[in-house]
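Q: A predicted structure for the sequence below; I have some questions about it.
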Amino acid sequence: MTSAIRNTLRLSVLDRSRTRKGRTEAQALRDTVRFARRAEELGYHRFWVSEHHSVPGVAGSAPTVLAAAVAAATSRIRVGTGGVMLPNHQPLVVAEQFGVLESLYPGRIDMGLGRSVGFTDGIRRALGRDKDAAEGFGDQLSELLGYFTGDQGAHPQVHARPAEGLRPPAFVLATGSGAELAAERGLPLVIGAIRGRETMLRAIDRYRAGFTPSVWGERPYVMVAADAAVAETTERARRLLEPEAWSTAYSRTHGVFPPLVPAEEIAALSMTPRERSRFEEAMSGHLHGTEDEVAAALTELVGSAGADEVLVTTSSYDREELLDSYRRLARLAGLRPGRGGADADIDTEIDTEAAPAAA
């Protein structure tokens, strides 16, 4: 990686609290909290958690609750959501939740926001939403931000306490019209780089061209999200990605999203042609290889996108190998151990035993 990127790039983590074969959902959540401590020690800038409802294999269903646990277990790294799916919630409640988080952990909380809704009719009914709820994302975003700035719009008598007057950074996920909304409101953009590189670059160009400075941001800020696996050899790095790829392929061919299984079990499978096609599709577009190979790929990605930050979203069955990948990634990016998050100039092992609920 070029010295210029090593000296300026922010590198962050998104963990989805994936469950693993033979382990419980409670253990997956505790693993997330322990992983956040390790990410902080390695010098990563942010640690984000996600929102998924009624998805087997994913324990992260309440991101603001989990973010609170992560913030309590760490001291410097920024903590946030990637993201809270705003159509699933009332903006007032989301403002109150982030107001509480920012009040308890001032200067460390990020408010990542997305427009997705539950992916089945049953989940949407349980959430009290329909499949068209995402169409109101722009209005919901405006209402949410208004509770922080004191511009309540249609609800002038309603005050989100303790949110009003606070400014936790608000990031918009670039799904649907996310890039345009982020530009209009002067917010940072989070965009995936897994596949469709040209589509990603066009969206970033539109975002920068349409960006309007606001109380939330004076200039465009682009965070690119990507899977990145680093190992001693290219093949070992590829194996790190296989458990997540197989889980994705299985979900698209069987309608069930299973826990992660060891790469050895996947190698022994006799996949159907359809499963194999989905598996190879899920394996494509990721950054993986040795430190030198990933450094070159990361340099190209950051350079082409003009990215200010990379959000790494990798999942794998073997948590020790996964942590080793993050160690190697931190090293090649020039991160300084113990200097992540709020105190950073650029703004050990995973315990696999069950931990107390307070983890």
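A: Alright, I've got the coordinates.
Q: From here on, just use CA atoms for contacts and neighbour counts.
A: Noted.
Q: Quick check: residue 240 touching residue 263?
A: Yes. Counting by Cα atoms under 8 Å, residue 240 does reach residue 263; the two are 7.4 Å apart.
Q: who has more neighbours, those two?
A: Neighbours were counted for residue 240 and for residue 263 using other Cα atoms under 10 Å; residue 240 has more, 26 against 19.
Q: got the buried residues for the host helix or strand of the more buried one?
A: According to DSSP states H and E, residue 240 maps onto helix 234-254. Residues 234, 236-251 are the ones in helix 234-254 that count as buried (16 or more other Cα atoms under 10 Å).
Q: what's the answer for stretch 174-191, then?
A: 174, 178-183, 185-191.
Q: and it, what's its mean pLDDT?
A: Looking at stretch 174-191 alone, the average pLDDT works out to 93.
Q: rewinding a little: tell me what the helix or strand following the helix holding residue 240 is packed against?
A: Using DSSP H and E, the helix or strand that follows helix 234-254 in sequence is helix 263-267. When contacts are defined as 3 or more Cα pairs under 8 Å, 6 or more residues apart in numbering; DSSP states H and E, helix 263-267 sits against helix 234-254.
Q: Show me how far the helix it packs on is from its chain's centre.
A: 18 Å (Cα atoms, centre = their mean, to the nearest Å).
Q: just stretch 124-143 next, same as before
A: 21 Å.
Q: Where does pLDDT dip in the stretch 101-250 of the chain?
A: Filtered on pLDDT under 70, the stretch 101-250 of the chain yields the residue ranges 118-119, 121, 127-128, 130, 134, 194-196.
Q: now the helices for it?
A: In the stretch 101-250 of the chain, the segments counted as helices under DSSP state H, counting those that start in this stretch are 121-127, 137-149, 178-185, 197-210, 234-254.
Q: of all these, which lies closest to residue 303?
A: helix 197-210 (11.0 Å; Cα to Cα).
Q: can I get the CA coordinates of the closest one in PDB?
A: Below are the C-alpha coordinates for helix 197-210, written out as PDB (Å, rounded to 0.1, in the frame of the first residue of the first chain):
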ATOM      1  CA  ARG A 197     -17.600  -1.400  -9.200                       C
ATOM      2  CA  GLU A 198     -18.800   0.900 -12.000                       C
ATOM      3  CA  THR A 199     -22.200   1.300 -10.400                       C
ATOM      4  CA  MET A 200     -20.500   2.200  -7.100                       C
ATOM      5  CA  LEU A 201     -18.300   4.800  -8.800                       C
ATOM      6  CA  ARG A 202     -21.200   6.400 -10.600                       C
ATOM      7  CA  ALA A 203     -23.200   6.600  -7.300                       C
ATOM      8  CA  ILE A 204     -20.200   8.200  -5.600                       C
ATOM      9  CA  ASP A 205     -19.800  10.700  -8.500                       C
ATOM     10  CA  ARG A 206     -23.500  11.700  -8.100                       C
ATOM     11  CA  TYR A 207     -23.100  12.000  -4.400                       C
ATOM     12  CA  ARG A 208     -20.100  14.400  -4.600                       C
ATOM     13  CA  ALA A 209     -21.700  16.400  -7.400                       C
ATOM     14  CA  GLY A 210     -24.900  17.000  -5.500                       C
END
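Q: just checking, what packs against it?
A: Counting by 3+ Cα pairs under 8 Å, 6+ apart, helix 197-210 packs on helix 178-185, strand 189-192, helix 291-305.
Q: Give me the residues contacting the helix holding residue 240.
A: 229-231, 256-263, 266, 274-276, 278-280, 282-283, 288-290, 314-318, 321-322 (Cα atoms under 8 Å, 6 or more residues apart in numbering).
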